[in-house]
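Asks: sequence and predicted structure are below.
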Amino acid sequence: MAGKALGVLLFALMQVIGVLSFAECPEGSLDEVLVCREGPDCKAPDCRCPSVEAPAKINNIDDVPQFVILSFDDAVTKENYKYYEDLMKLNNHNGCPISMTFFVSHAYTNYSLVHELYRKGQEIAVHSVSHYSDVEDYWRPASYETWVSEIKSMKEILARHASMAPEAIKGFRAPFLEVGGDKMFRALQDLGFEYDCSWSTLHYTNWCGTKPRGAMWPYTLDYPSIQDCQIGRCPEGKYPGLWVAPMVDLQDNRGEPCSMLDTCQSYEDELEEYETAVFSLLKRNFEMNYNNNKAPFGLYSHYSWLLADNSTSRPRRKGYKLFLEWVVQKEDVIVVSMEKVIEWMKNPVPVSKILDCPDTFRSRCLDPLDCTYKNPVPSFLDIDEIIMNTCRRPCPENFPWLENIDGAKPNK
Ligand SMILES: [Zn+2]
């Protein structure tokens with residue numbers, strides 16, 4: 001305990017005297033490197049330059065909404081759905097329920113529950129079909145065709161098996177945040193996606209370095225990006241109208257960056273032991289953002305970080321919820337899905353004018369089916385049996401997969 005107290009004290013001291021300034025964090029402002037200029041060649045709603053400032057239309061910082069984006073990656077299952085359902089009970093200050101973004105991968109996903117999330121106004125986005133774990137041999141060298149196949153097939157599987165309108169699926173996150181350079185961005189643009197949310201930034205945060213540049217707002221790729229490339233390969237080309245929602249790194253309790261909550265660490269085990277430690281990690285990061293440029297504040301995680309009935313994750317679940325209960329009380333805070341943030345970026349209005357609640361639908365996934373498959377994808381998944389719950393009757397003959405969304409042929 002004394003060690004922990006000392007660790008916390010040391011951290012606070014280092015912050016005060018500025019020792020925690022990262023060597024990697026550049027000096028100098030964004031303006032010095034920017035090629036994109038707002039004006040006739042780049043203006044809302046279709047174009048926005050990379051910027052650490054709120055859209056110019058909102059000139060008083062008090063009118064700028066502080067968006068908080070919660071996202072969860074990978075499969076939607078019966079187990080994690082209960083937790084999401086609990087979070088959905090929270091309301092924003094404007095009286096609307098909060099909405100979140102789910103980057104869904106295929107294996108183990110329960111599509112009738114995906115439909116439930118969608119119907120209740122949550123955003124469903126793509127995270128790949130295979131989610132193959134071999135980053136070095138699969139994702140890093142992935143061709144344009146591989147990206148198209150992974151992204152397009154997942155969108156089609158969601159539309160078909162979760163009974164969703166395809167046009168509701170707008171966003172993408174690369175597995176392992178392994179950004180796939182121009183090939184991936186070209187695939188997203190050709191497939192009509194609206195935004196990517198895979199690209200982390202350390203240089204454009206409200207905390208990195210002695211003079212932080214400020215957290216980056218979402219922008220379009222009408223001009224080559226100047227965002228720092230932390231994971232994978234970043235695009236060099238232009239993709240007019242395609243939005244980048246930068247994953248602004250958080251600062252963990254050791255002063256290190258973390259793009260997703262799962263990788264935020266502390267000197268000791270306090271994040272696994274005390275809900276108050278989790279709460280203060282989130283609150284500290286939120287305040288660094290809220291008291292600076294109010295850029296959208298993302299809390300990105302995997303459900304596994306909050307896993308049910310596991311003693312180390314209980315404090316996380318509680319601390320995360322405590323933070324949300326605290327933050328939704330603020331008048332200018334809106335916890336909302338990424339698609340709504342992008343929508344707002346195109347047509348910004350003062351926070352007091354944001355009255356729309358998440359879109360909900362009357363649609364139903366009638367009589368969902370559990371479909372069982374033995375040895376579903378021999379070359380990809382080392383799984384003997386998989387059960388897929390679908391809204392679409394009858395069960396596909398084979399497990400739906402890349403280029404095989406209706407499961408019409410066996411997977412190799
Ligand atoms: Zn993932």
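Replies: That came in fine, so what should we check first?

Asks: the ion contacts on the stretch 151-300 of the chain?
Replies: Pro175 (Cβ under 5 Å from the ion). No exception for glycine: its C-beta is placed from N, CA and C like everyone else's.

Asks: closest residue of the stretch 151-300 of the chain to the ion?
Replies: Residue nearest to the ion within the stretch 151-300 of the chain: Pro175 (4.9 Å; Cβ to the ion).

Asks: quick one, helices of the stretch 1-150 of the chain?
Replies: 2-17, 78-87, 111-119, 144-161 (DSSP state H, counting those that start in this stretch).

Asks: worst mean pLDDT among those?
Replies: Of all the helices of the stretch 1-150 of the chain, mean pLDDT reaches its minimum on helix 2-17 (a mean of 48).

Asks: residue of this structure with the smallest distance to the ion?
Replies: Nearest residue of the chain to the ion, counting by Cβ to the ion: Asp73, 4.1 Å away.

Asks: partner residues bridging the nearest residue to that residue once chain neighbours are set aside?
Replies: Leaving aside its chain neighbours, Asp73 sits nearest to Phe103 (4.6 Å; criterion: Cβ to Cβ, 6 or more residues apart in numbering). Assessed by DSSP bridges, Phe103 has beta-bridge partners Asp73, Ala125.

Asks: is Phe103 in contact with Ala75, as I believe?
Replies: No: taking contacts as Cβ atoms under 8 Å, Phe103 lies outside contact range of Ala75: 10.6 Å.

Asks: which of the two has more neighbours?
Replies: Set Phe103 next to Ala75 and count neighbours by other Cβ atoms under 10 Å: Phe103 wins out with 25 against 21.

Asks: quick one: contacts for that one?
Replies: Counting by Cβ atoms under 8 Å, 6 or more residues apart in numbering, Phe103 touches 71-74, 125-127, 171-173, 197.

Asks: same check, this time on Cys25
Replies: 202-203, 208-210, 212-213.

Asks: from Met247, how far out is it?
Replies: In this view, Cys25 and Met247 are 16 Å apart by Cβ to Cβ, to the nearest Å.

Asks: ignoring the adjacent residues along the chain, who's closest to the residue at minimal distance from the centre of the chain?
Replies: Central residue check for the chain by Cα atoms, centre = their mean: the C-alpha nearest the mean position is that of Ser71, 4.5 Å away. Of all residues not flanking Ser71 in the chain, Thr101 sits nearest, at 4.3 Å (Cβ to Cβ, 6+ apart).

Asks: could you give the number of residues near Asp134?
Replies: 10.

Asks: which residue ranges of the stretch 201-350 of the chain form helices?
Replies: Under the criterion DSSP H, counting those that start in this stretch, helices of the stretch 201-350 of the chain are mapped to 270-273, 275-290, 314-327, 338-346.

Asks: name the residues that touch the second one?
Replies: When you say that, I think you mean helix 275-290. Contacts of helix 275-290 (Cβ under 8 Å, 6+ apart): 66, 68, 206-207, 215, 248, 250-253, 264, 266, 270-271, 295, 297, 299, 314-316, 318-320, 322-323, 326-327, 333.

Asks: mark which of those are buried, thanks.
Replies: 66, 68, 206-207, 215, 248, 250-253, 264, 266, 270-271, 295, 297, 299, 314-316, 318-320, 322-323, 327, 333 (16 or more other Cβ atoms under 10 Å).

Asks: re the thing from before, surely the residue of the chain closest to the ion touches Ser128?
Replies: No: assessed by Cβ under 8 Å, Asp73 is found out of contact with Ser128, at 10.1 Å.

Asks: and for these two, which residues touch both?
Replies: Common neighbours of Asp73 and Ser128 (Cβ under 8 Å, 6+ apart) are Ser105.

Asks: and Cys357, what does it touch?
Replies: 95-97, 121.

Asks: restricted to buried residues, select these in PyMOL.
Replies: Typed into PyMOL, the line below selects the buried ones among the contacts of Cys357, using 16+ other Cβ under 10 Å:
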select buried, resi 96+97+121
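
Asks: wait, isn't Gln189 in contact with Tyr239?
Replies: Yes: contact status for Gln189 versus Tyr239: in contact at 4.7 Å, counting by Cβ under 8 Å.

Asks: what residues are shared contacts of these two?
Replies: If you check Gln189 and Tyr239 against Cβ under 8 Å, 6+ apart, no residue is contacted by both.

Asks: comparing these two, which residue is more hemmed in?
Replies: Counted by other Cβ under 10 Å, Gln189 and Tyr239 do not tie: Tyr239 has more neighbours, with 21 against 18.
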